[in-house]
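Participant: could you look at this predicted model? Sequence included:
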Amino acid sequence: MACGSIELTVDGAIATVVLSHPGKFNAMSRAMWRRLRELFLELPARADLRCVVVRGEGAQFCAGGDIAEYPAFRFQPDRLRAFHEYEVWGALGALLDCDLPLVAAIAGHCMGAGVEIASCCDIRVAAADARFGAPIARLGFPMAPREAQLVARALGEATARELLLEAAVLDAAEMQARGFLQRVLPDAAAMHAHALERARRIAALAPQAARLNKQTFRALNGPSALAGQAPAAIENIVHWAYDYADSAEHREGIDAFLAKRPARF
Amino acid sequence: MACGSIELTVDGAIATVVLSHPGKFNAMSRAMWRRLRELFLELPARADLRCVVVRGEGAQFCAGGDIAEYPAFRFQPDRLRAFHEYEVWGALGALLDCDLPLVAAIAGHCMGAGVEIASCCDIRVAAADARFGAPIARLGFPMAPREAQLVARALGEATARELLLEAAVLDAAEMQARGFLQRVLPDAAAMHAHALERARRIAALAPQAARLNKQTFRALNGPSALAGQAPAAIENIVHWAYDYADSAEHREGIDAFLAKRPARF
Amino acid sequence: MACGSIELTVDGAIATVVLSHPGKFNAMSRAMWRRLRELFLELPARADLRCVVVRGEGAQFCAGGDIAEYPAFRFQPDRLRAFHEYEVWGALGALLDCDLPLVAAIAGHCMGAGVEIASCCDIRVAAADARFGAPIARLGFPMAPREAQLVARALGEATARELLLEAAVLDAAEMQARGFLQRVLPDAAAMHAHALERARRIAALAPQAARLNKQTFRALNGPSALAGQAPAAIENIVHWAYDYADSAEHREGIDAFLAKRPARF
């Protein structure tokens, strides 16, 4: 439990996947990314399921990555690359490759990894208190290429640039106006009830049609899969994308955060 | 008249194309798709025209496909493929290839085929009572690949997923907020007057410039044409996209609709 | 001064680039396009800078191109091509290739070239009085292909078609609703203060992360560079895109504008 978990509950045709990291607003640890991947490789094979709700434990979605783990691996280019290309993208790619409809039910913090996980879902609803951002420029690092492409598609490129270049944090009403959210509900309880109602509506519809629609969208968007199977543009970026690992700026951002002092860039 | 018609009227430089299928909310029959294609292959050659308004008969746009015709051909993969690739896309591709500016004037039902036809237009205005959706998951089938690409571009992928995976139906205000509609007017009469005013404004501008702008956007979007000329992603999907034709789910969806009973998926 | 200028001021880590053409609402002359390109080839090399604000002189952004110059070169295909491909795109490509975050601060007229320059920026804020359009159909010519691709990405294709095919002019509130503007402020003074506040926020964040994020987005969007380095779709269009130079329609549009009479298309 110390490094978080991914919980699965199933009720009829509806699975609920819960990001859980108590005391850390459900921040994603490396163990959680790996477990999320495993789970989403298993779920599509279950013939009893027709829809998956993705949420966080309690009234939070996910506050981002687990920064306490970062000093152990982020400052070496090869390990940084492996983290983003295999652990993070391993999980996100498995969500994108899942043919079951995914509903993101978002309350509280939805930051960084949280925005990325929500971006893999087909339907997104949020509580009015939800806050969205990817303020990693405060931590001294850029978004990894596949993750940037994912969020630029889901948020629109203008919003993705605002979140990354300004470390802007936007509220649920704003994110609905920008087309990221289908619906905003007054509080977490109403939002979770609404998400479940949507999941039930989906579960009553033709399951093969849903699967085929998701396969069509995926094929139209081009490969979403792991390193070695992505389009040339991505492969070219990946060559230089992790060279910043050992830079002073990157170290300063993470050191300052962990020392709870302002970073000096 | 029994299987619907496409009517053309011309007033000065403005053509009006009317989808007409009385008693069926202007649902598109196969004959209507073929006639729509013929018409849009002829219109661009007429030097007297500068703008085309696309509307439905009465205070309806188009409720989708004519489901009564479906049992005769949808359950055989080759015939299903021919329907979508040649009849439906034949017409939609002709609309996309038309260099005259197209204004969609939408009232009442705008479902399935209606959304697809509107998605081919440059400008879209609607009456407040217009309702938008593509609830074919209730009929047990997915959207064909070229059609899915078309509506995902026009609606945004998030809205396209919501319409297809949830069978959601959205009103005109929501569709304006999501960027699909340029303007919503209080009722069908005001909307048709407004659409005509836009057409007149377009007709007073430089016609060659309009044609070149439309050619530029088309070239930037890549080929929109018939099977054999589309990008690789589409061609790959088309190989498997119609394998569902003979499935129990597909038969059940259409049988249940025609028997006016709930489908059991 | 007679043909306008581009002014640069630097305050700490923030550069301000001012489009200035007094008496012409800062319309871009050919000299201004060339100077804008030079400036944006120099700025990224300055290690003291972290953010650039792009604005117009006074309470105007930019009213478009300087039409008074057009008769001298627009009616010959080769010279027209050179203008758009090297002078205009030379500058716009340099803005797109600049790895420093760019904030567009928009008041008053933002037309044609103004919309294109704003479309190259990462963040866009406007005063409530700002007006947006690209009414070149009144002048008898279409948008050049690279410029059309740029604005279609930034505005959304539906809005780009509305601005070009209808010569529509939209206000700031509408452009915010359509996702082009991050924020609208009551007047030019408040807007400029707000833009500077955003620039200061950006300047306090990790500069290398900003640069890498911008490089990633650029790589994902494909080549933005000058003729000969662009994707095949663009290169194909460029073959025919300037054939209209010597047409009667093009001459009539520009002649009528300069003679202050309505054009007869």
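Facilitator: Everything's here; your move.
Participant: who in the stretch 51-200 of chain A is up against chain B?
Facilitator: Taking C-beta under 8 Å from any C-beta of the partner chain, the part of the stretch 51-200 of chain A that reaches chain B is made up of A:101, A:122-124, A:153-154, A:177, A:179-180, A:182, A:198. In this view, the C-beta of every residue, glycine as well, is placed from N, C-alpha and C.
Participant: try it again with 10 Å
Facilitator: For the stretch 51-200 of chain A, the contact set with chain B under C-beta under 10 Å from any C-beta of the partner chain comprises A:51, A:100-103, A:119, A:121-124, A:153-154, A:156, A:176-177, A:179-183, A:198-199.
Participant: next helix or strand past the helix or strand harbouring A:Ala233?
Facilitator: Using DSSP states H and E, A:Ala233 maps to helix A:232-238. The helix or strand immediately downstream of helix A:232-238 is helix A:248-258, counting by DSSP H and E.
Participant: pull out the buried positions in stretch A:171-183.
Facilitator: By neighbour count on 16 or more other C-beta atoms under 10 Å in any protein chain shown, the buried set for stretch A:171-183 is A:172, A:174-182.
Participant: show me which pair in the residues you listed is furthest apart.
Facilitator: Pairwise distances across the buried residues of stretch A:171-183 (C-beta to C-beta) peak at 14.6 Å, for the pair A:Glu174 and A:Gln182.
Participant: about what we covered before: other SSEs contacting the helix holding A:Ala233?
Facilitator: Applying 3 or more C-beta pairs under 10 Å, 6 or more residues apart in numbering or on different chains; DSSP states H and E, we find helix A:232-238 packed against helix A:145-155, helix C:207-221.
Participant: ok, A:Glu174 - contacts?
Facilitator: Contacts for A:Glu174 (C-beta atoms under 10 Å, 6 or more residues apart in numbering or on different chains) come out as A:131-132, A:159, A:168, A:180-181, A:184, C:182.
Participant: possible to save those as TSV with pLDDT, secondary structure and distance to B:Tyr86?
Facilitator: Compiled in TSV, the contacts of A:Glu174 are given as follows (pLDDT from 0 to 100; DSSP: H, G, I helix; E, B strand; the rest coil; distance: C-beta to C-beta, whole Å):
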residue	pLDDT	secondary structure	distance to B:Tyr86
A:Arg131	98	strand	50
A:Phe132	98	strand	44
A:Thr159	97	helix	40
A:Ala168	98	coil	48
A:Phe180	98	coil	37
A:Leu181	98	coil	39
A:Val184	98	strand	43
C:Gln182	97	coil	45
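Participant: any idea which of those is closest to chain B?
Facilitator: Here the nearest of these to chain B, counting by C-beta to the nearest C-beta, is A:Phe180; it sits at 7.4 Å.
Participant: the nearest residue to A:Gly156 once chain neighbours are set aside in helix, strand or coil?
Facilitator: Leaving aside its chain neighbours, A:Gly156 sits nearest to C:Gly179 (5.9 Å; criterion: C-beta to C-beta, 6 or more residues apart in numbering or on different chains). Taking DSSP: H, G, I helix; E, B strand; the rest coil as the rule, one finds C:Gly179 in the coil state.
Participant: just checking, C:Gly179 touches A:Arg161?
Facilitator: No - with contact defined as C-beta atoms under 10 Å, C:Gly179 does not reach A:Arg161; the gap is 11.9 Å.
Participant: what about the strands in the stretch 1-150 of chain A?
Facilitator: Under the criterion DSSP state E, counting those that start in this stretch, the stretch 1-150 of chain A contains strands at A:5-11, A:14-20, A:51-56, A:102-106, A:109-111, A:123-127, A:131-133.
Participant: what helices or strands is the fifth one leaning on?
Facilitator: Put plainly, it is strand A:109-111. Applying 3+ C-beta pairs under 10 Å, 6+ apart, we find strand A:109-111 packed against helix A:113-119, strand A:131-133, strand A:169-171.
Participant: hmm, try it at 8 Å
Facilitator: Applying 3 or more C-beta pairs under 8 Å, 6 or more residues apart in numbering or on different chains; DSSP states H and E, one finds that strand A:109-111 contacts strand A:131-133.
Participant: now what about the strand it packs on, what contacts it?
Facilitator: Residues outside strand A:131-133 that contact it (C-beta atoms under 8 Å, 6 or more residues apart in numbering or on different chains): A:108-112, A:114-115, A:163, A:167-172, A:175, A:180.
Participant: and the pLDDT for the most centrally placed residue in chain A?
Facilitator: Centroid-nearest residue in chain A: A:Ile117, 1.9 Å away (criterion: C-alpha atoms, centre = their mean). Here the pLDDT value assigned to A:Ile117 is 98.
Participant: got it, and the one 4 residues further on?
Facilitator: Reported pLDDT at A:Cys121 in the predicted model: 98.
Participant: distance of it relative to A:Val17?
Facilitator: A:Cys121 is 10 Å from A:Val17, where distance means C-beta to C-beta, to the nearest Å.
Participant: same check on A:Leu185?
Facilitator: According to C-beta to C-beta, A:Leu185 stands 20 Å off from A:Val17.
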